[in-house]
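Undergrad: below are the sequence and a predicted model; questions follow.
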Amino acid sequence: MQELVSLFAFVYGAAIASFLDVVSERAVNHGPLTGRSHCPACGKKLLWWELVPIFSWLWLLGKCSQCRVLIPQRHLFEELGLGLLFGFSAWQIISDSSGAGEFTLLFFVLISFSGLALAFFADFRFYIIPDSAWITAVVGATGLVALRAFDVIEQRLLPPAFSQAGLGILLAVVFLAVFAMVSRGAWMGWGDVKLAVALGALVGYPLILFSLAFSFILGAFVGLALVMLRAKTLKQTIPFGPFLIIPPVVMYFVPEIWLRNLLAFFLFSN
């Protein structure tokens, strides 16, 4: 059962990635979410076989079937990446002896990751985080916290308890809001502050402190690397949302004993 559920989650994640890429673009451009997908170069409406995640890009060799304009590689990487994330999530949570609690846990994990993926895609391309992204992630995180609160799943560090989630939200929002206000949006956007609600709820206190610290370290490292490679200048900005998203997602896959040792090292009791 574990293999079957993981395969289904992989296929579902790839399909969701394709959908979220369209949602991010139309949300930023205030376009309708309905309507057929089409080639941005020649306007050809895509047929069903041109919309199969991963397979279509490979079958078409990364080109439009009509005008042969290159299809951005990001489509392949997004579909493959989110598919692997969803599949690995299922592999971690579901076993042959899993019951309704584990399947419900997986359901809310995938909702949370879907919202974070939308925020990642939109911020990476357009430097904006749609409200639909962080709200979706908050809905998923709330479900996860509720599962622990009502003992539907076994006690663990993640998802956090209600009190830890609330404190995590407060710390994350206040911390990022101070950056946004002091810099007047130059260092930190208000979309990042809204996203902090979801991140704080997902990992709670005190893990949100490490999540934010790793985000700033990762962002500084990548930013410095881009400057050294001359892909960016010191005056240019890079989207910070993706760096905020990566650490809390990774925490859901790190063995719990590692997280407990991390907390113990910094004298946090849990």
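TA: Received it, and whenever you're ready, just let me know what you need. Quantities reported herein were computed from a predicted structural model and do not represent experimental measurements.

Undergrad: residue ranges in the stretch 101-250 of the chain under the pLDDT threshold?
TA: Within the stretch 101-250 of the chain, the stretches with pLDDT under 70 are 234.

Undergrad: now the helices: where do they sit in it?
TA: Per DSSP state H, counting those that start in this stretch, the stretch 101-250 of the chain has helices spanning 131-149, 162-183, 190-203, 207-228, 241-251. These are given in chain order.

Undergrad: residues in contact with the fourth one?
TA: Residues from elsewhere that reach helix 207-228 (CB atoms under 8 Å, 6 or more residues apart in numbering): 157-158, 160, 168, 171-172, 175-176, 199-200, 203, 232-234, 238, 240, 243-244, 246-248, 251, 259, 262-263. The way it works is simple: take the backbone N, C-alpha and C, and place the C-beta from them, glycine included.

Undergrad: related to what we said a few turns ago, return the most buried member of the helices of the stretch 101-250 of the chain.
TA: helix 190-203 (a mean of 25; mean count of other CB atoms under 10 Å).

Undergrad: now do that helix against helix 162-183, angle only.
TA: 160 degrees (axes from the mean of the first three to the mean of the last three CA atoms, to 10 degrees).

Undergrad: tell me how far helix 190-203 lies from the chain's centre.
TA: In terms of CA atoms, centre = their mean, to the nearest Å, the centre of helix 190-203 is found 11 Å from the chain centre.

Undergrad: can you spell out which helices and strands pack onto that helix?
TA: helix 100-126, helix 131-149, helix 162-183, helix 207-228, helix 241-251 (3 or more CB pairs under 8 Å, 6 or more residues apart in numbering; DSSP states H and E).

Undergrad: what's the angle from that helix to helix 100-126?
TA: Computed by the same axes, to 10 degrees, the angle between helix 190-203 and helix 100-126 is 160 degrees.

Undergrad: how much space between the spatially most central residue of the chain and residue 139?
TA: Centroid-nearest residue in the chain: residue 116, 2.9 Å away (criterion: CA atoms, centre = their mean). In this view, residue 116 and residue 139 are 12 Å apart by CB to CB, to the nearest Å.

Undergrad: please state the offset of the helix or strand harbouring residue 27 from the chain centre?
TA: Take DSSP states H and E as the rule and residue 27 turns out to sit in helix 2-28. Here helix 2-28 is found 12 Å from its chain centre; the criterion is CA atoms, centre = their mean.

Undergrad: okay, the angle between it and helix 131-149?
TA: Using the same axes, to 10 degrees: helix 2-28 against helix 131-149 is 140 degrees.

Undergrad: report the contact partners of the closest residue to residue 46 other than its chain neighbours.
TA: Leaving aside its sequence neighbours, residue 46 sits nearest to residue 37 (CB to CB, 6 or more residues apart in numbering; 4.8 Å). Listed by CB under 8 Å, 6+ apart, the contact partners of residue 37 are 22, 45, 46, 51.
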